[in-house]
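Chemist: 3D, please:
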Amino acid sequence: MKQGKLARTSNVINADKCVDYLLARPKLEMVGLGLIYGHPGLGKTTYAQRMAYSRGYIYLRLEAWMTPKTFAVALKKAIMQHLGMGDGPIVGSAASLYNSIIGILAVHPEVVIVIDEIDYAFTEQKILSAIRDIVDETLAVVILVGMQNAKDRLYQINRYYFDRCGVFCEFQSPTKKDIAFIMATVMDVQFAEDIVDYVHRRNQGTLRDTIKLIHSLESVAHAKKLSVISVHDLEA
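Modeler: Below you'll find the model as predicted:
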């Protein structure tokens with residue numbers, strides 16, 4: 001299987017459009033806040049990491065143990081490393097760190113920050129408030145990535161915060177067309193059309209299971225020294 005390939009599925013295409021929309025927004029009238037969300041196993045984190053890496057953005061993953069202070073430390077450290085500002089100790093109160101972050105981003109409005117696992121912030125609303133302040137007071141773009149109920153949770157927690165989001169992008173189960181494109185992108189053997197139907201019927205609606213099935217198909221193809229694999233080869 002070819003490593004590091006990000007297939008241009010419908011989810012990837014739609015997410016890229018949302019990111020591009022935020023970048024091209026009327027910056028003085030609209031804050032740069034967006035949310036990507038969806039069920040587990042649909043490729044949100046893979047997309048967020050690879051998109052951030054390929055475009056030169058900051059990727060930061062929230063952890064369950066993070067407090068407003070530890071999040072501020074992690075965020076400032078990531079921003080300083082990204083901008084080549086050194087890797088010295090990050091000290092100060094949470095409030096002073098957030099003020100410092102806002103000051104840095106005010107000078108560097110081109111910065112884009114991708115924050116994964118935003119669901120952990122729903123029990124630490126000071127983190128959500130800090131992110132809101134960042135997009136309210138700077139021109140930076142912040143893209144949140146969360147689970148399937150993240151959009152509803154934002155609405156329940158704070159309607160004002162919800163209204164600040166310029167774009168929402170929900171990741172969906174891969175279509176048969178998506179699966180065919182993924183297989184053509186990552187497989188190192190050819191496949192018959194009936195294999196696409198086979199994977200589509202058995203992938204449990206997730207990208208994660210799709211990749212597992214593709215890996216299994218390639219294992220069969222390699223074991224049988226096949227250049228093209230079909231359902232008949234599996235039955236045999």
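Chemist: from here on, contacts and neighbour counts on C-alpha atoms
Modeler: Will do.
Chemist: can I assume residue 114 sits in a helix?
Modeler: No: counting by DSSP: H, G, I helix; E, B strand; the rest coil, residue 114 falls outside a helix, being strand.
Chemist: got the buried residues for the longest helix along the chain?
Modeler: Scanning the chain for the longest helix, with DSSP state H as the assignment, gives helix 207-223. Using 16 or more other CA atoms under 10 Å as the test for burial, helix 207-223 gives 207, 209, 210, 211, 213, 214, 215, 217, 218, 221.
Chemist: Pull up the gap between the residue nearest the centre of the chain and residue 145, please.
Modeler: Central residue of the chain (CA atoms, centre = their mean): residue 48, 2.6 Å from the mean position. Noted for residue 48: a distance of 8 Å to residue 145, by CA to CA, to the nearest Å.
Chemist: next one: residue 91
Modeler: Residue 91 is 27 Å from residue 145, by CA to CA.
Chemist: Of those two, give the one with the bigger neighbour count.
Modeler: The neighbour comparison of residue 91 against residue 145 (other CA atoms under 10 Å) goes to residue 145, with 26 against 11.
Chemist: mind checking how far the more buried one is from residue 208?
Modeler: Using CA to CA, one obtains 17 Å as the distance from residue 145 to residue 208.
Chemist: Can you list the residue ranges for helices in the chain?
Modeler: For the chain, applying DSSP H gives helices covering 10-23, 44-55, 68-82, 94-107, 125-137, 150-157, 159-164, 176-186, 193-202, 207-223, 231-235.
Chemist: quick revisit: so of the buried residues of helix 207-223, which two are at opposite extremes in space?
Modeler: 207 and 221 (20.9 Å; CA to CA).
Chemist: Mean pLDDT lowest where, among the helices of the chain?
Modeler: Confidence, taken as mean pLDDT, is least for helix 159-164 of the helices of the chain (a mean of 82).
Chemist: elements contacting that helix?
Modeler: The helices and strands touching helix 159-164, judged by 3 or more CA pairs under 8 Å, 6 or more residues apart in numbering; DSSP states H and E, are helix 150-157.
Chemist: what sits up against the helix it packs on?
Modeler: Contacts with helix 150-157, where a contact means CA atoms under 8 Å, 6 or more residues apart in numbering, come from 35, 37, 118, 119, 122, 161, 162, 168.
Chemist: give me every residue that touches the fifth one.
Modeler: Neighbour list for residue 122: 128, 153, 154, 157 [criterion: CA under 8 Å, 6+ apart].
Chemist: Just the buried subset of those residues, please.
Modeler: Among the contacts of residue 122, those buried by neighbour count (16+ other CA under 10 Å) are 128, 154.
Chemist: Out of the contacts of residue 122, flag the one nearest to residue 233.
Modeler: Closest approach between these and residue 233, by CA to CA: residue 153, at 46.8 Å.
Chemist: okay, among the contacts of residue 122, which ones form the most distant pair?
Modeler: 128 and 153 (11.8 Å).
Chemist: re earlier: measure the residue nearest to the centre of the chain to residue 115 for me?
Modeler: From residue 48 over to residue 115 (counting by CA to CA), the distance is 9 Å.
Chemist: again, but for residue 126
Modeler: Noted for residue 126: a distance of 15 Å to residue 115, by CA to CA.
Chemist: between those two, who's got more neighbours?
Modeler: Shown here are residue 126 and residue 115; by other CA under 10 Å, residue 115 has more neighbours (22 against 15).
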